[in-house]
Structure formats: structure tokens, C-alpha cells
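A.B. asks: Structure, please.
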Amino acid sequence: MKMLVISDIHANIDSLNAVWERENDADIILCAGDLTDWGFHPHEVIAWLREHNAICVHGNHDLHIVRLYDSGRREEPGKETNYSSWCVNHMTDEDANWLRALPETQRVTVDGIAYCMRHAVEVCEEENTIRDYLGKYISVPMFDQLWTKFGGSREVNLHRLVLGHSHNCYTLQAKWNEMYLNPGSMHYRLGGNAGTHGADYITIVDGAVTLKHVDYPTAHLRAMLEETNFSEDIKRPARIYAGSEID
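C.D. replies: Have a look, this model is predicted:
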């Protein structure tokens with residue numbers, strides 16, 4: 001069985017298509033949240049995930065977009081000043097309903113391995129914040145506590161906790177039978193990785209985990225960015241990410 005594990009797509013259909021071009025033989029797709037915001041194609045990303053029966057959880061950006069959508073506040077189409085307003089204007093009611101229904105936690109057992117997936121360890125919907133950063137909130141001794149807290153299955157001996165949010169692609173072995181997985185970001189980067197281009201993700205084939213990366217053309221992304229009314233504070237970091245074309 002082949003699993004594709006992705007996270008933090010942030011409405012970037014170009015990166016999603018680039019990954020799928022390589023991994024279209026995947027039998028199961030897991031997506032650890034932040035499907036929307038900070039990108040230009042929320043409808044297309046949601047449609048893709050639904051079409052491919054991806055198993056998804058919501059992220060903090062998804063919660064934010066749903067709240068904004070439900071508030072009824074709209075900027076004039078074509079004059080959006082930020083990604084959130086853009087996403088709200090380019091989603092349908094059906095998209096919002098699907099996003100709103102996403103759970104906080106998903107559990108699945110594949111090839112005798114139990115997976116428990118969340119966007120992060122702690123979710124605070126009211127403050128629109130999520131805490132999961134590697135080294136600060138994630139540790140080897142915490143695994144059993146977190147697995148029990150999130151209702152992970154004990155029916156099998158191998159347990160894996162899938163997280164997103166940090167935009168860092170990593171695995172962390174807690175015990176011989178316990179592992180953290182984070183597929184990283186398919187869009188922009190955080191911290192010291194801010195200038196990194198491309199999409200990070202994970203494949204799992206018959207239980208074997210592989211961290212992967214794919215570059216893709218960003219001319220489309222850059223062109224759309226420059227045509228917006230976004231502030232320079234928003235455009236500047238986006239230019240860093242999408243600034244150098246890689247074909």
C-alpha cells in the first residue's frame with residue numbers, strides 16, 4: 001500500500017499538481033490541514049482533495065477562513081488586500097461547508113500501522129493559534145501521553161502521529177514502535193527555511209517512510225501576486241519564496 005502524506009497546501013494548486021504528477025499511484029492521501037489561505041486557488045485545492053478522497057483535518061488557517069466566510073465581510077472582487085479576503089471571494093458555499101465539516105483529528109490503520117493525524121498538538125480555535133513546534137512541544141517522552149490524549153488505536157503495535165503546521169518536514173522516532181511524522185509545507189516556509197522553494201511531502205510504501213521534495217515553476221504564482229492590491233508587507237515574503245524560477 002502506498003500513502004501520500006501532505007500538509008499546509010495553502011491554496012497552492014500548482015504545488016499539489018506537481019506532487020501528484022510524481023505520486024499519482026498513491027492508494028491513500030493524508031492531509032494534515034491548512035488547505036487554504038496564503039494562496040490563490042482555495043476552490044481548486046478543495047475540489048482536488050474531494051475528488052481524490054483525501055483524508056483531511058482542519059488547520060488554523062482553515063478555521064480562520066471559515067470564520068471570515070461566515071461573517072459575511074467581503075472586499076470587492078479584484079481589489080482584495082490580503083490572501084484571506086482573496087480566498088473567501090474565490091470559494092463557494094459548498095467549499096465552505098466541506099471545510100467547516102473537517103475534523104480536528106483523523107485516525108486510520110494501514111498495513112498494520114495505526115496513524116493519528118492532527119494539524120498540531122494543541123489547537124486553540126478562539127485565538128486562531130496552534131502549537132506543535134518541534135523541540136518545544138514535541139518530544140520523545142510525550143508520545144504515549146499524546147497518543148492516548150488523541151485517542152490513537154492500541155489494537156496494533158506500530159503507532160505514528162502525523163502533524164503539520166510547522167512547515168518543517170521531519171520524522172522523529174520516539175520508540176521502536178512510535179514515530180512522529182510531519183510532511184512539511186507545500187507552499188511557503190517559516191523561519192530559517194523562508195527562502196526555500198518547492199513542495200515537501202512524505203510517501204509511505206508498505207510502511208517504509210520517505211521524505212521527499214519537488215520543485216515546480218512559479219511564474220504563475222508570481223504573476224498573480226503582482227496583480228493584486230496586497231500590501232508590500234504581504235508581497236515581500238511571497239516574492240522570496242517564489243522569486244527564482246525552477247523548471
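A.B. asks: Can you tell me the SS state at Leu68?
C.D. replies: The local conformation at Leu68, judged by DSSP: H, G, I helix; E, B strand; the rest coil, is helix.
A.B. asks: quick one: contacts for it?
C.D. replies: By Cβ atoms under 8 Å, 6 or more residues apart in numbering, the contact list for Leu68 reads Ser84, Ser85, Val88. (Glycine included, C-beta is placed from N, CA and C.)
A.B. asks: quick one: pLDDT of it?
C.D. replies: Looking at Leu68, its pLDDT is 96.
A.B. asks: cool, and Glu104?
C.D. replies: pLDDT for Glu104: 92.
A.B. asks: how about it, phi and psi?
C.D. replies: Torsion angles at Glu104 (phi, psi; degrees, to the nearest 10) stand at phi -80, psi -30.
A.B. asks: which residues touch it?
C.D. replies: With contact set as Cβ under 8 Å, 6+ apart, Glu104 has these partners: Val57, His58, Arg118, His119, Val123.
A.B. asks: what's the lowest-pLDDT member of these?
C.D. replies: pLDDT is lowest at Val123 among the contacts of Glu104; the value there is 53.
A.B. asks: What is the nearest of the contacts of Glu104 to His213?
C.D. replies: His119 (20.9 Å; Cβ to Cβ).
A.B. asks: which residues touch the nearest residue to the closest one once chain neighbours are set aside?
C.D. replies: Leaving aside its sequence neighbours, His119 sits nearest to Gly33 (Cβ to Cβ, 6 or more residues apart in numbering; 3.3 Å). By Cβ under 8 Å, 6+ apart, the contact set of Gly33 is 7-8, 56-62, 102, 118-120, 164-165.
A.B. asks: and stretch 93-101, which residues are buried?
C.D. replies: Residues Asp95, Ala96, Trp98, Leu99 are the ones in stretch 93-101 that count as buried (16 or more other Cβ atoms under 10 Å).
A.B. asks: Not counting its neighbours along the chain, what's nearest the third one?
C.D. replies: Closest residue to Trp98 apart from its sequence neighbours, by Cβ to Cβ, 6+ apart: Ile46 at 6.1 Å.
A.B. asks: Would you mind confirming that that neighbour is in contact with His52?
C.D. replies: No. If you go by Cβ atoms under 8 Å, Ile46 and His52 don't touch, sitting 11.2 Å apart.
A.B. asks: which of these two has more neighbours?
C.D. replies: Neighbours were counted for Ile46 and for His52 using other Cβ atoms under 10 Å; Ile46 has more, 25 against 15.
A.B. asks: can you give me the end-to-end distance of stretch 174-181?
C.D. replies: 11 Å (Cα to Cα, to the nearest Å).
A.B. asks: all strands for the chain, in order.
C.D. replies: Remark: strands assigned in the chain by DSSP state E are 2-6, 28-31, 55-56, 105-110, 113-118, 122-124, 129-131, 158-162, 169-175, 178-183, 199-205, 208-214.
A.B. asks: Quick one: mean pLDDT for the third one?
C.D. replies: Right, strand 55-56. For strand 55-56, the mean confidence score works out to 98.
A.B. asks: Quickly run through the sheet partners of it, with directions.
C.D. replies: Strands adjacent to strand 55-56 in the sheet, as given by DSSP bridges, are strand 28-31 (parallel).
A.B. asks: Having no further points to raise, I will conclude here.
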